[in-house]
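J.: Task: produce atomic coordinates for the following.
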Amino acid sequence: MPHYTTLEDLVGIEHCKLGFYQELQQKVEQLKGSNLELEKKRKEIQALLDGITDLMVVLNEDLSIQRVNHVFTDWFPGIDPIGRHCHEIFRGHHGRCDNCPALRALDRDEIIKDLCIYKVNDDYKHYEIIASPLKTSPTGERQVLLFKRDVTLEKEFQAQFYQAEKMATVGALAAGVAHEINNPLTAINGFAQGLKRRINRLEGQVEEELVGDFKEYTQTIIKECLRCRDIVQTLLTFSRPTAASLAHIDLNQCVTDTLFILKHHFKEQHDLTVNTELQDDLPQILGDESQLKQVIINLLTNALDATSDGGLIQIKTHSNESGGATLVIEDSGCGIPLEYQDKLFEPFFTTKPVGKGIGIGLSTCYSIVKNHHGDINVTSAVGVGSAFRVSLPGIKEEEWTEKSIPSLS
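T.: So this is what the prediction gives:
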């Protein structure tokens with residue numbers, strides 16, 4: 001017999017549907033509650049991340065960027081980093097960086113700390129990097145958390161502190177030398193002048209040859225006394241402890257004074273040749289003499305170190321397009337590798353062996369030249385030599401006011 005659907009059957013079906021819909025609604029409410037809770041936790045985590053003032057990046061094993069915090073948009077406005085490689089964003093390289101801290105953290109499965117220097121928007125930046133491997137993701141891919149902190153300002157202040165401490169020591173030494181030497185020099189010079197005035201009385205009483213010897217000896221004593229006085233006065237100009245008012249500066253005279261101080265260093269290197277080509281009508285510049293001499297003595301000292309086995313150092317000055325003066329110090333020494341040239345003017349970066357320098361000489365030169373609104377750069381090739389060029393602007397009438405340049409010493 002055919003079976004016909006009864007009213008009871010229809011009521012049972014509707015009752016089952018009603019129970020299913022009620023259960024489904026409960027599940028939806030539960031999911032909504034879970035979603036709200038997840039969103040709340042996500043916002044809390046994002047707030048924590050946004051509260052971090054360091055740049056934070058999450059990288060995959062292939063070094064592609066998965067997530068960044070708000071600091072990234074401050075450092076790299078208008079750039080979408082997600083999915084792009086970190087070396088492409090941070091360095092502008094197509095290949096992975098040498099000695100990458102993120103890869104080392106993944107390989108060793110430990111936290112790696114590093115310090116790097118590279119160029120961002122035409123400025124050299126110091127970054128402190130911490131790379132921390134994360135637990136394996138649900139997909140099985142490993143990730144690394146990278147923190148980058150800009151410590152450029154700290155390094156610059158630290159370098160200035162070291163330079164100030166060094167120059168303060170030199171200043172105290174120079175002041176002591178001046179005091180201890182000037183007094184006996186004054187006495188020696190005074191007695192020599194007295195002898196010189198009395199030599200004429202000996203004429204006709206002693207041999208003429210002896211009188212000539214006395215004249216020569218006293219003249220030599222006086223000449224050497226004056227030379228010692230000039231050495232002390234020149235040394236004092238390198239260690240002035242406070243910022244000085246700007247003045248008209250003859251860059252040629254600064255070079256001459258510095259060569260005078262380093263004369264004995266040049267003599268020690270018998271195979272070294274030093275040539276100077278100083279433009280006679282060189283325009284004067286506005287600056288601090290003591291600070292500019294610090295630049296010259298640092299560059300010449302580096303040239304001496306580079307040519308320790310002998311060679312050629314050329315010192316040139318000429319006028320530049322801005323109506324100012326340019327100094328070029330060129331050596332035929334060992335040269336500087338290309339990968340180091342972008343880092344030369346950064347505090348505490350040095351290519352010298354331990355004990356030969358701490359890397360603040362060129363950074364000090366850079367700061368002084370920039371404070372004088374000038375420019376300093378280097379061209380170098382390994383085995384050929386290096387050339388440092390310092391360009392300083394000319395004097396403008398509106399600039400001739402009572403200004404001062406920040407002191408680094």
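J.: what does the domain assignment say about the protein?
T.: 1-50, 56-150, 153-241, 246-409 (automatic domain parsing).
J.: any chance of these in CSV, plus mean pLDDT and mean neighbour count?
T.: Any C-beta I mention is one placed from the backbone N, CA and C, and that applies to glycine too. CSV is the format used below for the domains of the chain (pLDDT from 0 to 100; neighbours: other CB atoms under 10 Å):
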stretch, mean pLDDT, mean neighbour count
domain 1-50, 69, 10
domain 56-150, 80, 15
domain 153-241, 75, 14
domain 246-409, 78, 17
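J.: that's a strand at His318, yeah?
T.: Yes. His318 forms part of a strand when assessed by DSSP: H, G, I helix; E, B strand; the rest coil.
J.: what bridges to it?
T.: With DSSP bridges as the criterion, His318 is bridged to Thr326.
J.: Look up how far Gly92 lies from it.
T.: Applying CB to CB, to the nearest Å, the value for His318 to Gly92 is 35 Å.
J.: phi, psi of Ser386?
T.: Main-chain dihedrals, Ser386, degrees, to the nearest 10: phi -140, psi 150.
J.: excluding its backbone neighbours, what's nearest it?
T.: Ser380 (3.8 Å; CB to CB, 6 or more residues apart in numbering).
J.: For the stretch 251-400 of the chain, just list every one of the strands.
T.: Using DSSP state E, counting those that start in this stretch, the strands of the stretch 251-400 of the chain run over 272-278, 285-287, 311-319, 325-331, 375-381, 385-392.
J.: Please apply the same query to the stretch 1-150 of the chain.
T.: Along the stretch 1-150 of the chain, counting by DSSP E, counting those that start in this stretch, strands occupy 55-60, 65-68, 112-120, 123-133, 143-150.
J.: Which one of the ones you listed lies nearest to Asp375?
T.: Asp375 sits nearest to strand 123-133 of all the strands of the stretch 1-150 of the chain, at 13.6 Å, using CB to CB.
J.: who does the closest one touch, helix- and strand-wise?
T.: Packing contacts for strand 123-133, counted by 3 or more CB pairs under 8 Å, 6 or more residues apart in numbering; DSSP states H and E, involve helix 101-108, strand 112-120, strand 143-150, helix 152-198.
J.: that older thread, who's in contact with the residue nearest to Ser386?
T.: By CB atoms under 8 Å, 6 or more residues apart in numbering, the residues touching Ser380 are 335-336, 341, 386-387.
J.: Of the strands of the stretch 1-150 of the chain, which is nearest Leu36?
T.: strand 65-68 (22.2 Å).
J.: and that closest one, which strands flank it?
T.: In the sheet, strand 65-68 lines up with strand 55-60 (antiparallel) (DSSP bridges).
J.: Run the angle between the partner strand and helix 101-108 for me.
T.: Here the directions of strand 55-60 and helix 101-108 differ by 50 degrees (axes from the mean of the first three to the mean of the last three CA atoms, to 10 degrees).
J.: C-alpha coordinates for strand 55-60, PDB please?
T.: This file holds the C-alpha atoms of strand 55-60, laid out as PDB (Å, rounded to 0.1, in the frame of the first residue of the first chain):
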ATOM      1  CA  LEU A  55      61.800  48.700  14.000                       C
ATOM      2  CA  MET A  56      60.300  45.200  14.300                       C
ATOM      3  CA  VAL A  57      60.200  42.800  11.400                       C
ATOM      4  CA  VAL A  58      59.000  39.200  11.200                       C
ATOM      5  CA  LEU A  59      60.900  37.200   8.500                       C
ATOM      6  CA  ASN A  60      60.400  33.800   6.900                       C
END
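J.: between it and strand 123-133, how many degrees?
T.: Using the same axes, to 10 degrees, strand 55-60 lies at 50 degrees relative to strand 123-133.
J.: How about Leu251: what's its closest non-neighbour residue?
T.: Nearest non-adjacent residue to Leu251, counting by CB to CB, 6+ apart: Ala325, 4.5 Å away.
J.: Equivalent analysis for Val274, please.
T.: Nearest non-adjacent residue to Val274, counting by CB to CB, 6+ apart: Ile313, 4.9 Å away.
J.: What residues does the residue nearest to Ala303 when sequence neighbours are not counted make contact with?
T.: Distances taken as CB to CB, 6+ apart put Asp331 closest to Ala303, at 4.1 Å, once the chain neighbours are dropped. Under the criterion of CB under 8 Å, 6+ apart, the contact partners of Asp331 comprise 303, 306-307, 311-314, 385-387.
J.: switch to 7 Å and redo it
T.: Applying CB atoms under 7 Å, 6 or more residues apart in numbering to Asp331 gives the contacts 303, 306-307, 311, 313, 385-386.
J.: can you pull the contacts of Phe72?
T.: 55, 81.
J.: Actually, Ser64.
T.: Counting by CB under 7 Å, 6+ apart, Ser64 touches 83-85.
J.: repeat that for 8 Å
T.: So Ser64 contacts 83-86 (CB under 8 Å, 6+ apart).
J.: Closest one to Val58 out of those residues, please.
T.: Taking CB to CB as the measure, Val58 lies nearest Cys86 of the contacts of Ser64, at 10.3 Å.
J.: hang on, that closest one packs against Ala131?
T.: No. With contact defined as CB atoms under 8 Å, Cys86 and Ala131 do not form a contacting pair (10.5 Å).
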